[in-house]
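Participant: okay, sequence plus prediction incoming.
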Amino acid sequence: MSSMFEKFHAAPRYALRALAVSMLFAGAAHAASLAIDPMMLSDLRDQRSLLSAKVKELDEVNKQIVVAKADKRSAISSISRLEAENSQARSKLEKLQEFDRDNPGTISQEQLRAAEDQNRKAFGALRDARDKKSGSESRINSLNVDASAKYAEFLRLQKSFERDVNRVVDTHLQERLIALQVKKEVTVTEKVACGDDSIPVCKERSKKAAELKASETGSVVFVNSLTEVKNFKLSKEELRSEVQATLSNKVFSNQHMVGETEYETTITASVEPVIGDGLRDQMAAAIRSQVYDKVGGRIDFSQVQDPSLSEEGYAEDEPRPVRNTKKRVVQEEEVEEQPVARQPTPAPAPVRRLEKPTFTF
């Protein structure tokens, strides 16, 4: 039966603030004297420098990928326009050649050569745009391979760095918890008003009240003065649900009625505060922040992404990179159009004669 009250959720008026303040005092003392093994500190600083350099490398690769994608978009836009110009120049040349075959000597050779030159230039510009697009795609593929390798190395360094930081944080957190969670023996007396309760019921209520007061008193002894709770995100109400106290070796004595309306109980017990998970997390976060300050500052790892999987720089109608695919799709090579070759002029036909058409150049 006595085990039912071994642990109490902190609802005391003073113990919570006292315990929280004691943690703040301990935290302030450790903040100025956070001791990290010199070899570990040096290693953490080296790892932090490597991570910072790797982040810069990834950022540089990402910029190059964005530029290459912009070049590709520019080439694609040019190809659409140059294909139309090339088609128009080729069609114009074919019409002139066909008319020249049917009507030898009607069109001057200068006109035909000008149309051929225009067709060659249009085709050359189209070919250059396609080469630019192909070069941009090769550049993007090469940069993506480099980015993936750099990002994999970054993840390896990050995992190692965070693992070592966690070791330091866990060590100092345990030291602070041991310093705070000190078992103390207390003796307190508490009485309750019985009201309409029977004496056995009132006696049990008196025991519970004595245990609660012992928990309060056992927590209060950790500090000599009370101040406002600062530097913690948890409110005082939330603190009440985060601190627990364990009572052991309980001895009840001097249990008796006080007059006809109250019952009094004296308890001697060992009180050990238990820090809840929320406060542990707060303390660990504070220690972690101090460790980062010592090794060169915190890196927001959530902002570091694999540039090869970034959608930045893609046009709305462009296909996005497919994640976690094992097969590569082999793109069909574009077949270049060849300029229309000038055909030899056939012998003059002795038949009909057409009116000379009007061409606009």
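Facilitator: Cool, the structure landed.
Participant: what about the strands in this protein?
Facilitator: 7-9, 184-193, 243-258, 262-275 (DSSP state E).
Participant: and the longest one, which strands flank it?
Facilitator: To tie it back to what came earlier, the one meant is strand 243-258. Strand 243-258 sits in its sheet next to strand 7-9 (antiparallel), strand 262-275 (antiparallel), going by DSSP bridges.
Participant: which among those strands is found nearest to S74?
Facilitator: strand 262-275 (60.8 Å; Cβ to Cβ). The way it works is simple: take the backbone N, C-alpha and C, and place the C-beta from them, glycine included.
Participant: give me whichever of the strands paired with strand 243-258 is most buried.
Facilitator: strand 262-275 (a mean of 20; mean count of other Cβ atoms under 10 Å).
Participant: just the CA trace of it, in PDB.
Facilitator: In PDB, the C-alpha atoms belonging to strand 262-275 read as follows (Å, rounded to 0.1, in the frame of the first residue of the first chain):
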ATOM      1  CA  GLU A 262      -8.200  18.400  12.600                       C
ATOM      2  CA  TYR A 263      -5.800  15.400  12.300                       C
ATOM      3  CA  GLU A 264      -2.000  15.800  12.400                       C
ATOM      4  CA  THR A 265       0.800  13.500  11.000                       C
ATOM      5  CA  THR A 266       4.600  13.700  11.200                       C
ATOM      6  CA  ILE A 267       6.700  12.000   8.500                       C
ATOM      7  CA  THR A 268      10.400  11.400   8.100                       C
ATOM      8  CA  ALA A 269      11.400  10.400   4.600                       C
ATOM      9  CA  SER A 270      14.200  10.500   2.000                       C
ATOM     10  CA  VAL A 271      13.200  12.900  -0.800                       C
ATOM     11  CA  GLU A 272      14.800  12.700  -4.200                       C
ATOM     12  CA  PRO A 273      13.700  15.200  -7.000                       C
ATOM     13  CA  VAL A 274      13.200  13.700 -10.400                       C
ATOM     14  CA  ILE A 275      13.700  16.000 -13.500                       C
END
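Participant: can you flag the weakest of the strands paired with strand 243-258 by average pLDDT?
Facilitator: The stretch with the lowest mean pLDDT among the strands paired with strand 243-258 is strand 7-9, at a mean of 36.
Participant: now stretch 199-215: mean pLDDT?
Facilitator: Mean predicted lDDT for stretch 199-215 stands at 90.
Participant: what of stretch 306-321?
Facilitator: Here the average pLDDT along stretch 306-321 is 63.
Participant: ok, now stretch 138-156?
Facilitator: Computed over stretch 138-156, the average pLDDT equals 94.
Participant: list the buried residues in it.
Facilitator: Buried positions in stretch 138-156, judged by neighbour count with 16 or more other Cβ atoms under 10 Å: 139-140, 143-144, 146-147, 150-151, 154.
Participant: tell me the one of those residues nearest V55?
Facilitator: F154 (7.0 Å).
Participant: how about the contacts made by the closest one?
Facilitator: For F154, the contacting residues are 51, 54-55, 58, 304, by Cβ atoms under 8 Å, 6 or more residues apart in numbering.
Participant: let's go with 7 Å and repeat that
Facilitator: For F154, the contact set (Cβ atoms under 7 Å, 6 or more residues apart in numbering) comprises 54, 58, 304.
Participant: still on that earlier bit, columns distance to E204 on top of the strands paired with strand 243-258, output as TSV?
Facilitator: Output for those, formatted as TSV (distance: least, Cβ to Cβ, whole Å):
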stretch	distance to E204
strand 7-9	16
strand 262-275	9
